[in-house]
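Participant: Attaching a predicted model along with its sequence, questions to come.
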Amino acid sequence: NAGVTQTPKFQVLKTGQSMTLQCAQDMNHEYMSWYRQDPGMGLRLIHYSVGAGITDQGEVPNGYNVSRSTTEDFPLRLLSAAPSQTSVYFCASSADRRRYEQYFGPGTRLTVT
Amino acid sequence: AQSVAQPEDQVNVAEGNPLTVKCTYSVSGNPYLFWYVQYPNRGLQFLLKYITGDNLVKGSYGFEAEFNKSQTSFHLKKPSALVSDSALYFCAVRPRPGNTPLVFGKGTRLSVIA
């Protein structure tokens, strides 16, 4: 079991560029989510999914898109990167969305210049 | 709206002393409560949770937390701190019933000094 994997680990983008952060889990978890972590802000939810084909917005969804075509994968797309999106991004998954014992990936550190 | 407060940005404790990391919450119903730990350059790791039952919950690495409904608190504790406990600790809450995602506190950095 690899758990939750994220690629890339580091990325530098120029303002206006687009990219996709990859997230995959091999635990057959229904629930997946994306967070961003900024100093002094804790973790803020960007988007989440309760199953394949179903996604919803979290606290800070603007500038990000997601899709969930399979149970395993939950990519996060930055449409037009902005310096305000410089952050560490974490993907998480959970078998039971009600009990919310989430497993986190190692994170992607993104810098937008 | 649900929220979590971790009133201390930083907690310093000597090795071998007991430690407490504070968390208070605000939800409209009875909550599910969680503690996670983050070591440098790593993702978050689950420590423990309160769902129902005993107010004192035991978790990984010798940590425990006490749910206090009247004070709306869920403080993390450990009887004897280790240097290796130094990390960033997050409290999180989700109200029940309902289908809203977890809400995390801003985190408390614990530093255990040898």
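Facilitator: Looks like it arrived, so ask away. None of these values were measured; they are calculated from a predicted model.

Participant: So residue A:84: helix, strand or coil?
Facilitator: Three-state call for residue A:84 (DSSP: H, G, I helix; E, B strand; the rest coil): helix.

Participant: State the number of residues packed around it.
Facilitator: By other C-beta atoms under 10 Å in any protein chain shown, the residues close to residue A:84 number 11. C-beta coordinates here come from the backbone N, C-alpha and C atoms, glycine included.

Participant: list the contacts for it?
Facilitator: Residues counted as contacts of residue A:84 (C-beta atoms under 8 Å, 6 or more residues apart in numbering or on different chains) are A:63, A:112.

Participant: Can you give me the neighbour number for the closest residue to residue B:56 other than its chain neighbours?
Facilitator: Closest residue to residue B:56 apart from its sequence neighbours, by C-beta to C-beta, 6 or more residues apart in numbering or on different chains: residue B:66 at 5.3 Å. Residues lying near residue B:66 (other C-beta under 10 Å) number 16.

Participant: What are the boundaries of the strands in chain A?
Facilitator: A:4-7, A:10-13, A:19-25, A:31-38, A:42-51, A:54-57, A:64-66, A:76-78, A:87-94, A:103-104, A:108-112 (DSSP state E).

Participant: With mean pLDDT, mean neighbour count and distance to residue B:79 added, can I get the ones you listed in TSV?
Facilitator: TSV is the format used below for those (pLDDT from 0 to 100; neighbours: other C-beta atoms under 10 Å in any protein chain shown; distance: least, C-beta to C-beta, whole Å):
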stretch	mean pLDDT	mean neighbour count	distance to residue B:79
strand A:4-7	96	18	32
strand A:10-13	96	14	39
strand A:19-25	97	19	35
strand A:31-38	93	24	30
strand A:42-51	91	21	27
strand A:54-57	94	14	41
strand A:64-66	97	19	43
strand A:76-78	97	18	40
strand A:87-94	94	23	30
strand A:103-104	91	20	27
strand A:108-112	96	18	35
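
Participant: quick one on the thing from earlier: quick check: the residue nearest to residue B:56 vs residue B:17, distance?
Facilitator: Residue B:66 sits 18 Å away from residue B:17, going by C-beta to C-beta, to the nearest Å.

Participant: Return the set of residues that bridge with the residue nearest to residue B:56.
Facilitator: residue B:56, residue B:75 (DSSP bridges).

Participant: Assign residue B:16 to helix, strand or coil.
Facilitator: Relying on three-state DSSP, one would call residue B:16 coil.

Participant: what about the closest residue to it other than its chain neighbours, how many neighbours?
Facilitator: Take residue B:16 and drop its neighbours on the chain: the residue closest to it by C-beta to C-beta, 6+ apart is residue B:80, 5.5 Å away. By the criterion of other C-beta under 10 Å, residue B:80 has 11 neighbours.

Participant: In a helix, residue B:80, correct?
Facilitator: No: counting by three-state DSSP, residue B:80 is not found in a helix; it is coil.
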